[in-house]
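> Below are the sequence and a predicted model for it; my questions follow.
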Amino acid sequence: ADAHGRARVRVAMLDMACGGLAGLAAKTAEAPVDRMKVLFQTGTDAFTWRGGVQVMTDVVREEGWRGLWKGNVVAAARQVPFAGVNYAAREAIKSSMIERKPTGREKTAGGNLTLAPWEKLVSGAGSGAASTMLTYPLEVARVRMQAARPGAKVTLRAIFEEMYRSVRGDAQARVPMAGLGPTLLGMMAYAGVTWTVFETLQENGAKAAGHDPKDTNPMQNAMYGGAAGLVGQTVVYPIETVRRRIQVMKRQAIHAKGGSVVVTADATRVFFRVWKEEGARGLYKGLSINFVKGPLALATSFTVFHWAKNELGRG
């Protein structure tokens, strides 16, 4: 029993390390596109690719090439533990599901048991929830840095000082978790959908080729990951738009005798405000950017994770 327990811990640590590496690679690869997307998503201008190129040009002119990766240090600090927990939790949930009910399952060419589609969805959603709760304050800081207009001097210290600035009551304790509700919902849906799509494509591709999914080559994993990212981000994009708006919304303080009151943003109100003022297009503003960002991020992430796990697992 002790040996089995130690083996599971080693597997979990391997999954976490490989997941963190995958998250770092994916976030660094997508950072310039993500910066452009956030600037449009939190503004009022309609997105066009010409406008996107102009925004990136403005960023480079005002901040240099490094400006395209503004906030990426914070993003990496969040993404490494986020992806590590996400991958490790998902693999742990998958193993638990198979152990609880090993009979009646399909097998891969290598003899490994697989999950049913609903189990893939649930296990992915669970891992997404766990990783989101762990790293959310850093996500808020990242988005605020990326949403800063070109040339604006924004530091991580200033953001955290603003997030924790003293206000009446317990409101300051909730500031770092602004937008958590829609973020949690969106990540559970996103992780569930992307894991389901990726693993289904990988299993079917391996079955057609007559080999185990673990032996899928990096190029195929990149293609499956790209497809998963495209589907997942398209499905949850309205939720992402709402949470971005909440995260970067300036706090409106009503100064009165004896203190101030903080006006907080409600996800439902933000959703209907965007719908009323900008229509459905407002909720999907910048979606076309995700046709590049989504596939790029997950293609990189899934490919690096499986490559690293195969390489390190041999040691």
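Nice, thanks for sending it over.
> Gly52 against Ile289, yeah?
Yes. Gly52 is in contact with Ile289 according to Cβ atoms under 8 Å; the separation is 6.9 Å. (C-beta placed from N, C-alpha, C; glycine too.)
> Which neighbours do the two have in common?
36, 40 (Cβ atoms under 8 Å, 6 or more residues apart in numbering).
> Looking at Met112 now. What's its pLDDT?
Careful, residue 112 is Asn; it's not Met. You'll see Asn112 listed with a pLDDT of 84.
> quick one: contacts for the residue nearest to it when sequence neighbours are not counted?
Excluding the flanking residues, the one nearest Asn112 by Cβ to Cβ, 6 or more residues apart in numbering is Asp212, at 6.6 Å. By Cβ under 8 Å, 6+ apart, Asp212 lies in contact with 108-112, 206.
> do the same with Val80
Neighbouring residues of Val80 by Cβ under 8 Å, 6+ apart: 20-21, 23-24.
> Give the rounded mean pLDDT of the longest helix anywhere in the chain.
In the chain, assigned by DSSP state H, the helix with the most residues is helix 2-41. Helix 2-41 carries an average pLDDT of 86.
> tell me which strands and helices it is in contact with?
On a contact count with 3 or more Cβ pairs under 8 Å, 6 or more residues apart in numbering; DSSP states H and E, helix 2-41 meets helix 49-63, helix 72-100, helix 117-146, helix 218-248, helix 287-313.
> As CSV, those helices with distance to Arg269 and mean pLDDT would be great.
Shown next, in CSV, are these (distance: least, Cβ to Cβ, whole Å; pLDDT from 0 to 100):
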stretch, distance to Arg269, mean pLDDT
helix 49-63, 28, 87
helix 72-100, 27, 89
helix 117-146, 19, 85
helix 218-248, 10, 86
helix 287-313, 22, 88
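> thinking again about what came up before, state the distance from the residue nearest to Asn112 to Trp307.
The gap separating Asp212 from Trp307 is 15 Å, by Cβ to Cβ, to the nearest Å.
> now swap in Glu30 and tell me
Distance from Glu30 to Trp307, by Cβ to Cβ: 18 Å.
> out of the two, which sits in the more crowded spot?
Glu30 (24 against 16; other Cβ atoms under 10 Å).
> List the contacts of the residue nearest to that one when sequence neighbours are not counted.
Spatial nearest neighbour of Glu30, chain neighbours left out: Ala297 (4.5 Å); criterion: Cβ to Cβ, 6+ apart. For Ala297, the contact set (Cβ under 8 Å, 6+ apart) comprises 26-27, 29-30, 229.
> if we go to 10 Å?
23, 25-27, 29-31, 33-34, 79, 194, 225-226, 229, 232-233, 290 (Cβ atoms under 10 Å, 6 or more residues apart in numbering).
> returning to that earlier point: from the contacts of Asp212, which ones fall inside helices?
Using DSSP H, these in helices are Ala206.
> Scan the contacts of Asp212 and report the most crowded one.
Neighbour max across the contacts of Asp212 (other Cβ under 10 Å) = Ala206, 19 neighbours.
> Phi, psi for the spatially closest residue to it that is not a sequence neighbour please.
Computed as Cβ to Cβ, 6+ apart, the closest residue to Ala206 that is not its neighbour in sequence is Pro213, at 4.3 Å. For Pro213, the backbone dihedrals (degrees, to the nearest 10) come out as phi -50, psi -30.
> neighbours of Pro213, just the number please.
Pro213, neighbours per other Cβ under 10 Å, totals 23.
> confidence score at it?
Pro213 is given a pLDDT of 91.
> Could you measure from it over to Glu106?
For Pro213, the distance to Glu106 equals 12 Å [Cβ to Cβ].
> And Pro238, by the same measure?
34 Å.
> Next: Ala148.
49 Å.
> Over to Phe47: give its phi and psi.
Torsion angles, degrees, to the nearest 10, at Phe47: phi -80, psi 130.
> So it is in contact with Val38, correct?
No. Using Cβ atoms under 10 Å, Phe47 is not in contact with Val38; the gap is 11.6 Å.
> Looking at the two now, which is surrounded by more residues?
Remark: of Phe47 and Val38, Val38 carries more neighbours, 24 against 21, as counted by other Cβ under 10 Å.
> Hmm, Val59 and that one touching each other?
No. In this structure Val38 lies outside contact range of Val59 using Cβ under 10 Å: 11.2 Å.
> Mutual contacts of the two, please.
Lys70.
> Distance check, Ser96 against Thr108.
From Ser96 to Thr108 the distance is 19 Å (Cβ to Cβ).
> ok, back up a step: let me know whether the residue nearest to Ala206 touches Asn310 as I believe.
No. With contact defined as Cβ under 10 Å, Pro213 and Asn310 do not form a contacting pair (11.4 Å).
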